[in-house]
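Asker: with the sequence up front, the predicted model follows.
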Number of protein chains: 4
Amino acid sequence: MKNRVLFLAATFILIPILINAQQSPAQYSHSEISNWGKWGKEDQKGAANYITPEVIIEAAQLIKKGKTFSLAIPIDKLGPVWPGRLVPHHTMDIAGADYATGINTEPILGKMKFADDYIYMALQGSTQWDALSHGWYGDQLYNGYSEKSIVSGALGGAAKLGIENVKESLIGRGVLIDILKYKGGTLSPGYGITRADVEGALEQQGTVVKKGDIIILRTGVVPMWYNDLSSRSNYFNPQTGIVKDVVSWIKEKEISAIAADNIGVERTPNEIEPKTVSPLHGNILRDLGVYIGEIWWLEELAEDCAKDGVYEFFLASQPLNIPGAVGSPINPIAIK
Amino acid sequence: MKNRVLFLAATFILIPILINAQQSPAQYSHSEISNWGKWGKEDQKGAANYITPEVIIEAAQLIKKGKTFSLAIPIDKLGPVWPGRLVPHHTMDIAGADYATGINTEPILGKMKFADDYIYMALQGSTQWDALSHGWYGDQLYNGYSEKSIVSGALGGAAKLGIENVKESLIGRGVLIDILKYKGGTLSPGYGITRADVEGALEQQGTVVKKGDIIILRTGVVPMWYNDLSSRSNYFNPQTGIVKDVVSWIKEKEISAIAADNIGVERTPNEIEPKTVSPLHGNILRDLGVYIGEIWWLEELAEDCAKDGVYEFFLASQPLNIPGAVGSPINPIAIK
Amino acid sequence: MKNRVLFLAATFILIPILINAQQSPAQYSHSEISNWGKWGKEDQKGAANYITPEVIIEAAQLIKKGKTFSLAIPIDKLGPVWPGRLVPHHTMDIAGADYATGINTEPILGKMKFADDYIYMALQGSTQWDALSHGWYGDQLYNGYSEKSIVSGALGGAAKLGIENVKESLIGRGVLIDILKYKGGTLSPGYGITRADVEGALEQQGTVVKKGDIIILRTGVVPMWYNDLSSRSNYFNPQTGIVKDVVSWIKEKEISAIAADNIGVERTPNEIEPKTVSPLHGNILRDLGVYIGEIWWLEELAEDCAKDGVYEFFLASQPLNIPGAVGSPINPIAIK
Amino acid sequence: MKNRVLFLAATFILIPILINAQQSPAQYSHSEISNWGKWGKEDQKGAANYITPEVIIEAAQLIKKGKTFSLAIPIDKLGPVWPGRLVPHHTMDIAGADYATGINTEPILGKMKFADDYIYMALQGSTQWDALSHGWYGDQLYNGYSEKSIVSGALGGAAKLGIENVKESLIGRGVLIDILKYKGGTLSPGYGITRADVEGALEQQGTVVKKGDIIILRTGVVPMWYNDLSSRSNYFNPQTGIVKDVVSWIKEKEISAIAADNIGVERTPNEIEPKTVSPLHGNILRDLGVYIGEIWWLEELAEDCAKDGVYEFFLASQPLNIPGAVGSPINPIAIK
């Protein structure tokens, strides 16, 4: 923590210079936006605390058509992943084809037959939620927990802020903000989505954001991966996503989570500090305790929203109950 | 299929004798209970078709308290699995402890730090849904699809009836039937839960089952695994679960799915044909196209239901979107 | 098998035409080169049978300097794999960093500390031997075994011709044939290594090939992967490797195995039938029962051979004992 | 390290009392048996340094019959593993059965067919070598390296003392010491094998141990696992294995490695300090830098040795080249 203290001290001293230089650091300083302690010193749920029973009850009123939308890409080898992560790998442990060879399984199974399968995957390797323990700076995680609390799997992984803390949450009101549509249908690779874009799109949509909302931004990056094979070599860097001032909006609006149909929600590379990987994750996960959702699939939902003009819905995006996990694959379901 | 024809022929011939002997085969015959073709020759969703938009809209009315219950056991090495399946294995690819050693990741990550993790698991190795392609008899799956349609992972796994067919479903009205409570708080290992038990418990609860319902039976097997370590060596066989006549109830009630807090929903071993593994899976998955949910966790939900007397709720139990998978780990959320 | 018969019949009829056209098919016909039955109808070891005790005793005489060379690339995420296969993934289940956080493991381990790790990998995903069950054409594997004998993992994988059949073999006399050096130090991508090249290099080296030898060809492809990052996007196709007439040499010389420092030993794509993947695997594995070794690392060995002019050595390249596996990662050790 | 210093200081003070009490601590003190620095401050190979070219040349003379013995158990779900580790899991990614369904792979593969497979396994989950980074006490590994050098997989695992340091070693002279035979064919569970046993067996066999030898002890534990199913529930604890004074023999004889056909080489539990897991690993791996091999299979080799009276042989037990791994599955081959 000494380094962090020095860093903060240095930041404090440098602020006048930075302001004069018309340049801001890549992240807000911790003190500017911290939610630490807001839900108690022991809190491990962060902004999911915004999703109260009342929020859920109100969100349920949004179920009017009984129509469901899966916001997940297929979990297979063909989807986009952050470079360095393995793609998910699904193997059959026993398949129908085995029985079709005439193999005699009756001594074991009797008259029945079963197929079984396994998966090996990065918990961040498909449509997912980041746990609050997924990203940080300094040596502290959200709410001041030590980074040392995240140890290896045999010892339980993330002892603090594991995804299991929200195993009964991330269910409530979802709001789609169709940035792609607002910006005319195309966002150039590396375009930085600003607070003005977010507010402009909301105004155009006529949507009001409420406390506890799970916000979903449409960028078009994931569809590009699937529809334009030539884009694959550079789908990732540069990549359109949010820039710093959206973080202030996230804080003010008291949303619980922010997701997008791109690989990292935020712009890659960061336009101020390109050598730091995803610095806004530091603000969002660590300082605010807000959940980040990545690699979502929004096409059918966006089409429906454009058609009926309703961009709000009930959202069931609960993670898997993997204790100590720093993320979870999910199948978020929007229900209108 | 020849064997199946012979078997059916033999069954036909033997029926008078069997009736005289007061004994029935382990499964209903296909013709007695088939739903094949009911939703079209090409249908791959089975009884999830019962969950119409109207069902979902009506189910949403059950969200009154805004209270959520996770019905999933922890996905870790400590849970019960069907013998032969590996327990889920969660590993950290990078942890907080690594940074705490003083390792310098700044050249790669800049000022940020990230933890990442992986999982290796049987898709049937924790709280889960069986896909309709998970179990069958003869050489045909639900709706007549060939067992040959389930091939290895590199070729896509289950080309038919993979779990992705219900990636937008298994969301609707859930009903808990607390068999354990109805039977006085204990069910002996291997006790066969009958149709009379199911109907008796429902009557006692004052719950009416509706078309499309996802039915959840409480047996107490999974809590026994966790609470009574001495039970672990024989948690599985014998195991309390449903017996044959419950299948007729499943068909008549037109439910979409049946789940339980045990390892296989049905009694193990089957009391009529002990050498056949889970024969009712043949009737439920293959003949009826009804989904089976296993290894659920019901304790907090059951307690709440006993307290407020309300055994129905909104249930979000969508599977992961794993194309070609014959099952999926889930985190079913009951919302009251 | 009907198709295969028709194909063979058609080939037989067409041979005069093909000869006239100065064109040959991608593979030898089975009858031209088959070793089936040579070691009995039940044989599952194939050309490893050439490695008799006498061969091993003689090979041991080659150990003169007591110098060992590992011919394996690192098993990690950075090596070349055939497209579509996952790179090997090594994770720590418990690491030294965990203890360094001050976590108290004494109640479990007492005064000791342990690190543990796991791997997920394609058995063909690094330096490896193909089992005879890895590749074939028609519906028969080597020695006439049915392709149906290779079933899913839960049923044991390859019931016939699994790599465990040579768990005590592929140890004997190794011979390096430095094609790269013979051709002047560079082989263009897609260059087809001919029988004349093999024989020319041997003559230049002054090496005599003996029955049972494990032949190792140096092509320079794997070093190119590591040393020339720009080559990675097209390291694979086209790729230099052997062409058809080398197969006749393999048969005549009665070697037991052929390996190379490329991804597939044979030229990619095949120059006669580019749409068929690795057709010579059909001749080598299936017809001849000769083992294929891929992705070997030969640089230090080649340097030593060039220096002392000795291209023969004792080779310990035994596979892992994985029953039913169609390949195995190995660490082949050449000893001079 | 402070704790370790205190511990050593305390030990020093207590030695007179301990001697009087006819009781010794579970481990030798570091100073009594350390090999640290023996091969330089930077050394990462430890006692594998004993295996010089001369040792290899001499060992090669032992190849007289040309007979090979695999000393590996099958890598599958059925073997014994240390409690808590997953058994190895082998899955087919594509199998012969798939093609037998009539699936058309010609557009992708042309006329060829291939089977592929994957494995997920603990690197200590079958016949194996422990790397020197596998076990330690205090906060230092062999030769004084910090335990902090072992980090997560994404960062490379064991930066020091990974198994790749001996990728060209653990090949040389092997000696079987048939303790089981010497003790009359049975060793009771938990029997502590002493230095006297080792020396007695060697004398009976007429075998002389040389510098650099890889010593293999036969205990019968692994065969018991396979042959006596009833033994499985307690194969592990208590388990016969070496006790403390064998460590002094290991040091004096300057052997490079010690292996056995049991799960942990040393007695479980330790008879002096039963709450400390495998304390002799601390002496052997950490203090001496000697490699430990576990779960070996010795039956055919032992039978042959008993027959011809020759207990020494050439041994090729090189690990896989997995950088940063703290162990490796192996297929050790004894050649006589």
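Answerer: Nice, thanks for sending it over. Residues are numbered from 1 along each chain as shown, chains lettered A, B, ... in the order given.
Asker: near chain D, anything from stretch A:314-325?
Answerer: No: contact of stretch A:314-325 with chain D (C-beta under 8 Å from any C-beta of the partner chain) is absent, the minimum separation being 13.8 Å. The way it works is simple: take the backbone N, C-alpha and C, and place the C-beta from them, glycine included.
Asker: got the end-to-end distance for that stretch?
Answerer: Between the start and the finish of stretch A:314-325 there is a gap of 25 Å, counting by C-alpha to C-alpha, to the nearest Å.
Asker: can you list the residues of chain A near chain D?
Answerer: A:84, A:89, A:91-93, A:95-98, A:100-101, A:118, A:120, A:152, A:154.
Asker: at 10 Å what do you get?
Answerer: Where proximity means C-beta under 10 Å from any C-beta of the partner chain, the interface of chain A facing chain D comprises A:84-85, A:89-103, A:116-118, A:120, A:150-154.
Asker: for the residue nearest in space to the middle of chain A, give me its contacts.
Answerer: The C-alpha lying nearest the average C-alpha coordinate of chain A belongs to A:Gly293 (C-alpha atoms, centre = their mean; 1.1 Å). Neighbouring residues of A:Gly293 by C-beta atoms under 10 Å, 6 or more residues apart in numbering or on different chains: A:71, A:127-130, A:170, A:214-217, A:257-261, A:265, A:317, A:319, A:327, A:330, A:332.
Asker: list buried residues within these.
Answerer: Among those, those scoring as buried are A:71, A:127-130, A:170, A:214-217, A:257-261, A:265, A:317, A:319, A:327, A:330, A:332 (criterion: 16 or more other C-beta atoms under 10 Å in any protein chain shown).
Asker: assign a three-state SS to A:Ser230, would you?
Answerer: Three-state call for A:Ser230 (DSSP: H, G, I helix; E, B strand; the rest coil): helix.
Asker: do A:Met121 as well
Answerer: Bear in mind the rule, three-state DSSP; under it A:Met121 is strand.
Asker: do the same with A:Ser248
Answerer: Following three-state DSSP, the label given to A:Ser248 is helix.
Asker: tell me the pLDDT of it.
Answerer: Listed pLDDT for A:Ser248 reads 97.
Asker: same check on A:Arg218?
Answerer: 98.
Asker: test my guess that it contacts A:Gly241.
Answerer: No: the pair A:Arg218 and A:Gly241 does not pass the contact test of C-beta atoms under 10 Å, sitting 11.9 Å apart.
Asker: overlap of the contact sets of those two?
Answerer: Common neighbours of A:Arg218 and A:Gly241 (criterion: C-beta under 10 Å, 6+ apart): A:Ile179, A:Leu187, A:Ala260, A:Asn262.
Asker: just the buried ones among those, please.
Answerer: Members of the shared contacts of A:Arg218 and A:Gly241 classed as buried by 16+ other C-beta under 10 Å are A:Ile179, A:Leu187, A:Ala260, A:Asn262.
Asker: widest-spaced pair of those?
Answerer: Across those, the longest distance by C-beta to C-beta is 11.1 Å; it joins A:Leu187 and A:Ala260.
Asker: hey, what's in contact with both of these two?
Answerer: Common contact partners of A:Leu187 and A:Ala260 (C-beta under 10 Å, 6+ apart): A:Ile179, A:Ile193, A:Arg218, A:Thr219, A:Gly220, A:Val221, A:Thr240, A:Gly241.
Asker: helices - which of those residues land there?
Answerer: The helices in this structure, assigned by DSSP state H, contain A:Ile179, A:Val221 from the shared contacts of A:Leu187 and A:Ala260.
Asker: same list (the shared contacts of A:Leu187 and A:Ala260) but as TSV, adding distance to chain B.
Answerer: Conversion of those to TSV gives the following (distance: C-beta to the nearest C-beta, whole Å):
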residue	distance to chain B
A:Ile179	24
A:Ile193	20
A:Arg218	18
A:Thr219	20
A:Gly220	20
A:Val221	18
A:Thr240	19
A:Gly241	15
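Asker: tell me if the residue nearest to the centre of chain A really is in a strand.
Answerer: Yes: checked against three-state DSSP, A:Gly293 lies within a strand.
Asker: any idea how far it lies from A:Asn262?
Answerer: Shown here: A:Gly293 relative to A:Asn262, a distance of 11 Å by C-beta to C-beta, to the nearest Å.
Asker: touching both of the two, which residues are there?
Answerer: What both A:Gly293 and A:Asn262 touch, as defined by C-beta under 10 Å, 6+ apart, is the set A:Leu217.
Asker: any chance you could map the strands in the stretch 101-250 of chain A?
Answerer: All strands of the stretch 101-250 of chain A, identified by DSSP state E, counting those that start in this stretch, fall at A:112-114, A:116-122, A:128-130, A:135-137, A:171-177, A:192-193, A:214-217, A:241-242.
Asker: how about those in CSV, adding distance to chain C?
Answerer: Conversion of the strands of the stretch 101-250 of chain A to CSV gives the following (distance: least, C-beta to the nearest C-beta, whole Å):
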stretch, distance to chain C
strand A:112-114, 9
strand A:116-122, 5
strand A:128-130, 18
strand A:135-137, 15
strand A:171-177, 31
strand A:192-193, 29
strand A:214-217, 30
strand A:241-242, 26
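Asker: and those strands: which comes nearest C:Leu202?
Answerer: Closest approach to C:Leu202 among the strands of the stretch 101-250 of chain A (C-beta to C-beta): strand A:116-122, 43.6 Å.
Asker: pLDDT weak spots in the stretch 101-250 of chain A?
Answerer: Per-residue confidence of the stretch 101-250 of chain A (counting by pLDDT under 70) places no residue in a weak region.
Asker: so which residues on the stretch 201-336 of chain A come close to chain B?
Answerer: By the rule C-beta under 10 Å from any C-beta, the part of the stretch 201-336 of chain A lying against chain B is A:269-270, A:273-282, A:285-286, A:297, A:300, A:314-336.
Asker: alright, I will stop here.
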